[in-house]
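**Student:** Fold the stuff below for me.
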Amino acid sequence: AAQPLLPSVHHSGLRPNQVSETSLYGVPIVSLVIDGKERLCLAQISNTLLKNYSYNEIHNRRVALGITCVQCTPVQLELLRRAGAMPISSRRCGMITKREAERLCKSFLGEHSPPKLPENFAFDVFIPARYNSSRAKCIKCSLCSMYFSPNKFIFHSHRSPEARYLQPDAANFNSWRRHLRLTEKKAADDISHAWEDVKAMFNGGSRKRTLPRPP
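**Tutor:** Numbers count the residues shown, from 1 in each chain. Okay, the predicted model is just below:
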């Protein structure tokens with residue numbers, strides 16, 4: 001079973017390029033303050049927590065979850081080298097936020113059980129309680145009341161004067177995660193995080209999930 005996420009070290013008044021250390025699943029990860037946010041070294045996460053997965057698996061999962069890397073400047077890269085997060089030979093490093101790191105790791109290491117949502121919680125068309133597999137018919141069209149799996153729903157449409165339908169770019173396994181969005185552009189954090197957790201479920205193969213042993 002996956003170990004619980006440990007809280008990060010909290011700092012008041014984060015300074016630009018401030019180097020700290022946080023913990024994911026009991027593994028210490030170097031963090032760096034970039035643009036006012038504590039970001040974690042993706043390469044270090046890949047080489048420790050996710051070392052049983054390939055570069056392509058991690059990259060594809062990150063893209064599917066909508067996680068964008070911020071590339072370090074040469075000065076920031078040197079700070080990460082000195083902190084032991086990156087080897088001396090490294091030439092670049094992508095950084096992601098603590099929340100994004102938790103989502104990425106959880107998608108590989110966490111249990112695929114329905115996320116804990118607020119009582120009586122439901123999306124307009126997405127029904128989390130029905131989402132028990134990648135092909136589950138968990139989306140109910142508000143116009144025709146038919147149920148669809150997420151990847152089939154994005155190709156379902158109705159003609160109406162006010163509707164705008166954009167054809168999805170590809171019918172691949174992860175396509176719906178990029179095209180299904182919250183109707184509120186500035187949704188509350190608990191709603192946004194719940195939606196992120198839902199999208200992280202059933203996201204790719206059934207490889208055995210293992211946690212690295214702490215040194």
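**Student:** Tell me the pLDDT of the spatially most central residue of the chain.
**Tutor:** When Cα atoms, centre = their mean is applied to the chain, the residue found nearest the centroid is residue 103 (3.8 Å). According to the predicted model, the pLDDT of residue 103 comes to 87.
**Student:** Check the one 5 residues further on too.
**Tutor:** Predicted confidence (pLDDT) for residue 108: 86.
**Student:** which residues sit in contact with it?
**Tutor:** In this structure, residue 108 makes contact with 49-50, 53, 58, 61, 209, judged by Cβ atoms under 8 Å, 6 or more residues apart in numbering. Where C-beta positions appear, they are placed from N, C-alpha and C, glycine not excepted.
**Student:** Same question for residue 94.
**Tutor:** Applying Cβ under 8 Å, 6+ apart to residue 94 gives the contacts 42-43, 69-72.
**Student:** What about the residues you listed, which one has the most neighbours?
**Tutor:** Among these, residue 42 has the most neighbours (other Cβ atoms under 10 Å), with 24 neighbours.
**Student:** Need the nearest residue in space to that one, chain neighbours excluded.
**Tutor:** Across the structure, with Cβ to Cβ, 6 or more residues apart in numbering as the measure, the residue nearest residue 42 apart from its sequence neighbours is residue 94 (4.5 Å).
**Student:** how much space is there between the one you found and residue 196?
**Tutor:** When distances are taken as Cβ to Cβ, to the nearest Å, residue 94 and residue 196 turn out to be 19 Å apart.
**Student:** Then residue 37?
**Tutor:** Between residue 37 and residue 196 the distance, using Cβ to Cβ, works out to 17 Å.
**Student:** Compare these two (neighbour count), which wins?
**Tutor:** A direct count of neighbours by other Cβ under 10 Å for residue 37 and residue 196 places residue 196 higher, at 20 against 15.
**Student:** Can you name the residues that contact that one?
**Tutor:** Neighbouring residues of residue 196 by Cβ under 8 Å, 6+ apart: 65, 103.
**Student:** That one belongs to a helix?
**Tutor:** Yes. Secondary structure assignment places residue 196 in a helix (DSSP: H, G, I helix; E, B strand; the rest coil).
**Student:** how distant is stretch 37-56 from the center of its chain?
**Tutor:** In terms of Cα atoms, centre = their mean, to the nearest Å, the centre of stretch 37-56 is found 13 Å from the chain centre.
**Student:** Look up how far residue 14 lies from residue 36.
**Tutor:** From residue 36 over to residue 14 the distance is 6 Å, taken as Cβ to Cβ.
**Student:** Which residue of those two possesses the greater neighbour count?
**Tutor:** Higher neighbour count among residue 36 and residue 14: residue 14, with 15 against 8, using other Cβ under 10 Å.
**Student:** my guess is residue 88 meets residue 81, correct?
**Tutor:** Yes. Checked against Cβ atoms under 8 Å, the pair residue 88 and residue 81 is within contact range at 5.8 Å.
**Student:** and the two? which has more neighbours close in?
**Tutor:** It is residue 81, of residue 88 and residue 81, that has more neighbours when counted by other Cβ under 10 Å, with 15 against 7.
**Student:** Can you tell me the element the more buried one falls in?
**Tutor:** For residue 81, the enclosing helix or strand under DSSP states H and E is helix 74-82.
**Student:** After that helix, which helix or strand is next?
**Tutor:** Beyond helix 74-82 in the direction of the C-terminus, DSSP H and E gives the next helix or strand as strand 94-97.
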